[in-house]
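Chemist: what's the 3D shape of this:
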Amino acid sequence: MTTLSFGHIVHFSGRAPLRERRCSSCPGGIANAFRRLPGAFPWVNGVATEDIGGQRWSPSRGDLALPALTLDEAAFAANRDLFLTWCASAGVSVAPHAKTPMSPELARSLRAAGAWGTTVANVQQAAVLLASGERRLLLANEIGGLAAGRRLGALLGAYPDAEFHAFADSPAAVAALAEAARIASRRELSVLVELGAGRAGARDRAAIEATIAAVLAADRLVLGGVATYEGAAATPDADETMRAIAALMERTIETFALVRAAAPQRPLIISAGGSAYFDIVARALAPGAQADGNASVILRSGALFFADHGIYARAFAEIDRRGGLLIDGLHHSAVEGFRPALTLWAEVLSRPETGLAIAGFGMRDASFDQGLPVPLRVFRDGVEQQGLDAALAVTRLNDQHAFLSVAPEGALAVGDIIAFGISHPCTCLDRWRVILGLDADGVVTRALPTQFG
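Modeler: Below you'll find the predicted structure:
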């Protein structure tokens, strides 16, 4: 059961009905009031969350209190199927990074469709996914010191059947994982030696060898493979980025050889791959894993299942310039294949002056770290206003307000509902405790709780 508290609206459960707590400061309580849970529920007393899809709510008709974040169910499924098909053709697997939506339900759906497992970024995320039933996790990060090791150990002790792999880039990181294995009474805990550029990860051969030696010397730890993250090597210069990633892949292959020499019989993992350069990673690493015969390349892509109208749209265009997605010998367009699945809905609150509109969302609702939201469609009384979006642009955000420039011919009015595309799913989803699935008709299909922080 998930219980969330948001002022007067205090209960949201995966099974139980939405309930209210009356507020003495509000005349008549809130039984008949129109309130919003994060996730944009109109306040309807007694509607169970599993029955929300039967209400036939539509954000374009104004059925939801706005802003709201929705997931295009068909686009998400198409992105999933496309990427898993490409992975199979490329000879790699994927453990989708759960940090993007922190939705156990979506993580479970990806694994059920064929994902190898699930990636998490810290012990807290691991706790959420383990509690939801996931039993194969990559913890794609160092955990910290001995106190963090004890916390991880207590968690793993509660899930003795979980397959768990963690990163280490130094003897100190290895010591923390050894403490976790001791506390959990694990016979063995898999450690991936992380090398890196620009972020965490061992920087040279001496650090890599010291980490390998520390794992071999530790009780209850085993070498599980190598890991890196190519996105941290990226720079504003495209050519420099390609050179940096190529060098990192070479170092990854060299590190894998060192780990293989130290663990000649074990099945090993080579893990890399975010959502922007996964094609380069697969081309560089899959042949070595196949030649080894006892190794697997596990990507950790997460955001591409949602795609976007910003940084990943541009990343997919770059993939197409590199030849696109090669599936069973045929080239497919990443731009045409991956479809943006997230939409932010907001209402026009004010037209205070010519050329300006204020919409009801802001930095608390949308990502803005790598591009502002993009107006896609405008609705008035449930009817789409053709061409109105072309007259609009988001220029800046406050906490709760979006500033839109409006072209002179733009007839935008107070009460119009605008659908926005976003850039960077990770930093948009983490602002929401519930997102809503939408079908092809734009009607709510289900509520998807998220479990951030």
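Chemist: State the paired neighbours of the lengthiest strand in the chain in the sheet, together with their directions.
Modeler: The single longest strand within the chain, with elements called by DSSP state E, is strand 342-353. Here strand 342-353 has these sheet partners by DSSP bridges: strand 68-72 (antiparallel), strand 356-359 (antiparallel), strand 417-421 (antiparallel).
Chemist: Same list (these) but as CSV, adding mean neighbour count and distance to residue 237.
Modeler: Any C-beta I mention is one placed from the backbone N, CA and C, and that applies to glycine too. Listed next are the strands paired with strand 342-353 as CSV, based on neighbours: other CB atoms under 10 Å; distance: least, CB to CB, whole Å:
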stretch, mean neighbour count, distance to residue 237
strand 68-72, 24, 34
strand 356-359, 21, 35
strand 417-421, 25, 27
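Chemist: And those: which comes nearest residue 105?
Modeler: strand 68-72 (10.7 Å; CB to CB).
Chemist: which is the next helix or strand following the closest one?
Modeler: helix 73-90 (DSSP states H and E).
Chemist: and that following helix, how far from the chain's centre?
Modeler: Going by CA atoms, centre = their mean, to the nearest Å, the spacing between the C-alpha centre of helix 73-90 and its chain's C-alpha centre is 15 Å.
Chemist: With stretch 218-229 instead?
Modeler: The answer for stretch 218-229 is 24 Å, by CA atoms, centre = their mean.
Chemist: ok, and for it, which residues are buried?
Modeler: 218, 220, 221, 223, 224, 225, 226, 227, 228, 229 (16 or more other CB atoms under 10 Å).
Chemist: Does the third one touch residue 180 like I think?
Modeler: In this case it means residue 221. No: look at residue 221 against residue 180 with CB atoms under 8 Å: they stay out of range, at 9.3 Å.
Chemist: related to what we said a few turns ago, farthest-apart pair in the buried residues of stretch 218-229, please.
Modeler: 220 and 229 (26.3 Å).
Chemist: TSV please, covering the strands paired with strand 342-353 and showing mean pLDDT and distance to residue 328.
Modeler: Shown next, in TSV, are the strands paired with strand 342-353 (pLDDT from 0 to 100; distance: least, CB to CB, whole Å):
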stretch	mean pLDDT	distance to residue 328
strand 68-72	97	27
strand 356-359	98	45
strand 417-421	98	31
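Chemist: and the ones you listed as JSON lines, adding distance to residue 58?
Modeler: Converted to JSON lines, the strands paired with strand 342-353 look like this (distance: least, CB to CB, whole Å):
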{"stretch": "strand 68-72", "distance to residue 58": "10"}
{"stretch": "strand 356-359", "distance to residue 58": "18"}
{"stretch": "strand 417-421", "distance to residue 58": "10"}
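Chemist: for those strands, which one sits closest to residue 450?
Modeler: Of the strands paired with strand 342-353, nearest to residue 450 by CB to CB is strand 68-72, at 9.7 Å.
Chemist: And the contacts of that closest one?
Modeler: 39-40, 59, 306, 339-345, 365, 428-429, 431-432, 435-438, 444, 448 (CB atoms under 8 Å, 6 or more residues apart in numbering).
Chemist: ok, now with 7 Å
Modeler: 40, 59, 341-345, 428, 432, 435-438, 448 (CB atoms under 7 Å, 6 or more residues apart in numbering).
Chemist: Sort out which one of the residues you listed lies nearest residue 133 for me.
Modeler: Among these, and counting by CB to CB, the member closest to residue 133 is residue 448, at 16.0 Å.
Chemist: Count the neighbours of that closest one for me.
Modeler: 23 (other CB atoms under 10 Å).
Chemist: which parts of the longest helix seen in the chain are buried?
Modeler: In the chain, assigned by DSSP state H, the helix with the most residues is helix 238-262. Judged by neighbour count (16+ other CB under 10 Å), helix 238-262 contains these buried residues: 241-242, 244-245, 248-249, 251-253, 255-256, 258-260.
Chemist: do stretch 96-110 as well
Modeler: So for stretch 96-110, counting by 16+ other CB under 10 Å, buried means 96-104, 106-110.
Chemist: Generate TSV for those, with pLDDT and secondary structure as supplementary columns.
Modeler: Shown next, in TSV, are the buried residues of stretch 96-110 (pLDDT from 0 to 100; DSSP: H, G, I helix; E, B strand; the rest coil):
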residue	pLDDT	secondary structure
96	98	coil
97	98	strand
98	97	coil
99	97	coil
100	97	coil
101	97	coil
102	97	coil
103	97	coil
104	97	helix
106	98	helix
107	98	helix
108	97	helix
109	98	helix
110	98	helix
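Chemist: Turn those residues into a markdown table, including distance to residue 80.
Modeler: As requested, the buried residues of stretch 96-110 are exported to a markdown table (distance: CB to CB, whole Å):
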| residue | distance to residue 80 |
| --- | --- |
| 96 | 9 |
| 97 | 14 |
| 98 | 14 |
| 99 | 17 |
| 100 | 13 |
| 101 | 12 |
| 102 | 17 |
| 103 | 13 |
| 104 | 16 |
| 106 | 9 |
| 107 | 12 |
| 108 | 12 |
| 109 | 8 |
| 110 | 6 |
